[in-house]
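Peer 1: kindly return the folded structure for what I paste below:
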Amino acid sequence: MSSSVVLLAIESSCDETSAAVLHNGKILSNIIATQAIHEQFGGVVPELASRAHQQNIIPVVSEALRVANIHKKELNAIAYTQGPGLLGALLVGSSFAKALALGLGLPLLGVHHMQAHILAHFIEEPFPPFPFLCLTVSGGHTQIVLVEDYLKMKIIGETLDDAAGEAFDKAAKMLQLPYPGGPLIDKYAQTGDAQKFKFNKPEIPQLNFSFSGLKTSILYFLQDQTRKNEHFIKENLADICASIQQTIVDVLLQKLKKAADMYKISHIALAGGVAANSGLRKGLETLAVQKQWHTYIPDFQYCTDNAAMIAIAAYYQYQQKQFVELTQQPLPRWEM
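Peer 2: Residues are numbered from 1 along each chain as shown. So this is what the prediction gives:
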């Protein structure tokens, strides 16, 4: 391995176009372009996401190199999100990465998006020691992962249907909140009574999750209440949001506690976009005190989709010479 490793990483799995530059494990830049166009549709439109990536990728990569003060000729490899994600979005990032790597004569590193979320914990100290458990919660995934080494991970529990982030967003849609609704539920929940309303918590065996039944429970509850009072949602918004958030957080932490007891692990990490949720963070902190856990949560900018996490994952792959060929296709449903 070269004594100096400089990587350019590209993330384009959903609706953020991001590029980052890493030097010997240190992030020099992390540029993220978000896509506001999806707000009017109440969710991500894959075709529009792909077009926005095409518009954003050159300026974002250029800015990442400029901020890092790195010339493209100083790069040792190009990394990109290989999957999972939206196929069209992945194609934009992978095609750009391949073209740049081919033009510069550099090796390619295809990174697993969910592994990268977990390895975001190694961008800034304190780093969790191995083995540790990571609850990875995003709009598309909900997983409990046993992390034994940088590139050795095992999913020990996952959602059987909807992800927790998706449950937040769909509940917000029922409340007629704009997209993305998850952060808005968190915002309104701050002033609400989390015990005011009760929703069904799914009973799923082992360490797996399910949120489809909870969504149905929320829907029927809101339909029933608004028939009685058409202003029910508006008059009780904070309490509804707090109750929904508390229910989702309880489901997540109940399974995490069970996993920690089962594997006798006290180092617990949180990753993914929903790791930014204040209710989940507070709930984890409270549980950590009770269980004497050591907890780890990345800085907010490294929780949501970003290229810095792709860069740090690629850095460990580079050390193991885990390169991919130019013929490697994106994997929208890539298992970890």
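
Peer 1: break down the stretch 101-250 of the chain into its helices, ranges please.
Peer 2: 113-119, 164-174, 182-189, 212-228, 232-263 (DSSP state H, counting those that start in this stretch).

Peer 1: now render the ones you listed as TSV, adding distance to A52 and mean neighbour count.
Peer 2: Where C-beta positions appear, they are placed from N, C-alpha and C, glycine not excepted. As requested, those are arranged in TSV below (distance: least, CB to CB, whole Å; neighbours: other CB atoms under 10 Å):
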stretch	distance to A52	mean neighbour count
helix 113-119	18	26
helix 164-174	19	23
helix 182-189	20	20
helix 212-228	28	15
helix 232-263	29	19
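
Peer 1: any idea how far C14 is from H141?
Peer 2: 11 Å (CB to CB, to the nearest Å).

Peer 1: ok, L237 next?
Peer 2: Applying CB to CB to L237 and C14 gives a distance of 28 Å.

Peer 1: equivalent analysis for L252, please.
Peer 2: Distance of L252 to C14, given as CB to CB: 21 Å.

Peer 1: and if you look at A163?
Peer 2: Counting by CB to CB, the gap from A163 to C14 is 12 Å.

Peer 1: tell me where the chain is predicted with low confidence.
Peer 2: Along the chain, segments meeting pLDDT under 70 span 1-2.

Peer 1: show me where it has strands.
Peer 2: Assigned by DSSP state E, the chain shows strands spanning 6-11, 16-23, 26-34, 77-83, 108-112, 132-137, 142-149, 152-158, 267-271, 294-296.

Peer 1: columns distance to K196 and mean neighbour count on top of the ones you listed, output as TSV?
Peer 2: Below are the strands of the chain laid out as TSV (distance: least, CB to CB, whole Å; neighbours: other CB under 10 Å):
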stretch	distance to K196	mean neighbour count
strand 6-11	39	28
strand 16-23	34	27
strand 26-34	33	19
strand 77-83	40	27
strand 108-112	40	24
strand 132-137	24	26
strand 142-149	25	21
strand 152-158	29	16
strand 267-271	26	23
strand 294-296	28	17
